[in-house]
Every structure is written in structure tokens, then in C-alpha cells.
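Visitor: Sequence and computational prediction follow.
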Amino acid sequence: DRHPDSGVVFKGYSIPYYDQALELVRNMHQSFHCFFLIGWDIAISETGPRVIEGNPVGELLYEQLFFPHMKETFLSCAASYR
């Protein structure tokens, strides 16, 4: 019900700059059109969202349940752009 370190109560909490963070990652993703899925790590600063990193393979556990060869496809796509 609350974060163990900060004590922030989750119920009713609104993530600051959430809409701006979504816009930021959507714009960033367009620069990496060869990847269908990118796991973006975003920090929220006092002035807005900041990109920490993007992981082009990310966690594919759920996708792999439905598309078993998806990870190999992503890895081959990534290798072709190096």
C-alpha cells in the first residue's frame, strides 16, 4: 500500500509528468524504427521526465508465450544494424 523507502502511499498517487514521459518515449521510439519493442527506463526529475536508457530487447516473457520465436527475431534485427 506504500513504498517501503519513500513512504509514498500508492492509492490515489499521480505520477508527475506522466503524459510528458509518454510523449518523450514515443518520440524517442521513432528514432529506432527497426525495433518493435523498446523497454525505456525513465526518471522523473523536478522539471520533467529524463531518459536513462532504452533496451531494444527488453523483457519479452509475455510476448514469447504467444510468439515463441520473437526474441530471436529481435536479436537478428539488432545484429543487422550494428
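Guide: Okay, I see it. Residues are numbered from 1 along each chain as shown.
Visitor: How are the helices of this protein distributed by residue range?
Guide: 18-30, 61-66, 70-80 (DSSP state H).
Visitor: averaging pLDDT over each of those, which comes out lowest?
Guide: Least confident of the helices of the chain, judged by mean pLDDT, is helix 61-66 with a mean of 64.
Visitor: Tell me how far the residue nearest the centre of the chain lies from residue 8.
Guide: With distances taken as CA atoms, centre = their mean, the residue of the chain nearest its centroid is residue 40 (2.7 Å). Per CB to CB, to the nearest Å, residue 40 is found 22 Å from residue 8. Quick note: C-beta positions are derived from backbone N, CA and C, even for glycine.
Visitor: For residue 25, which non-adjacent residue is closest in space?
Guide: The shortest distance from residue 25 to any non-neighbouring residue, by CB to CB, 6 or more residues apart in numbering, is to residue 40 (4.5 Å).
Visitor: no, scratch that, I was asking about residue 8
Guide: residue 2 (6.3 Å).
Visitor: residue contacts, that neighbour?
Guide: By CB atoms under 8 Å, 6 or more residues apart in numbering, the contact set of residue 2 is 8, 9, 10.
Visitor: Tabulate these (JSON lines), appending neighbour count.
Guide: Shown next, in JSON lines, are the contacts of residue 2 (neighbours: other CB atoms under 10 Å):
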{"residue": "8", "neighbour count": "9"}
{"residue": "9", "neighbour count": "10"}
{"residue": "10", "neighbour count": "8"}
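Visitor: now, among those, which is nearest to residue 49?
Guide: Nearest to residue 49, judged by CB to CB, of the contacts of residue 2 is residue 8 at 17.6 Å.
Visitor: Give me the neighbour count for residue 21.
Guide: 19 (other CB atoms under 10 Å).
Visitor: re earlier: the residue nearest to residue 25 touches residue 27, doesn't it?
Guide: No. In this structure, residue 40 is not within contact of residue 27 by CB atoms under 8 Å, at 11.1 Å.
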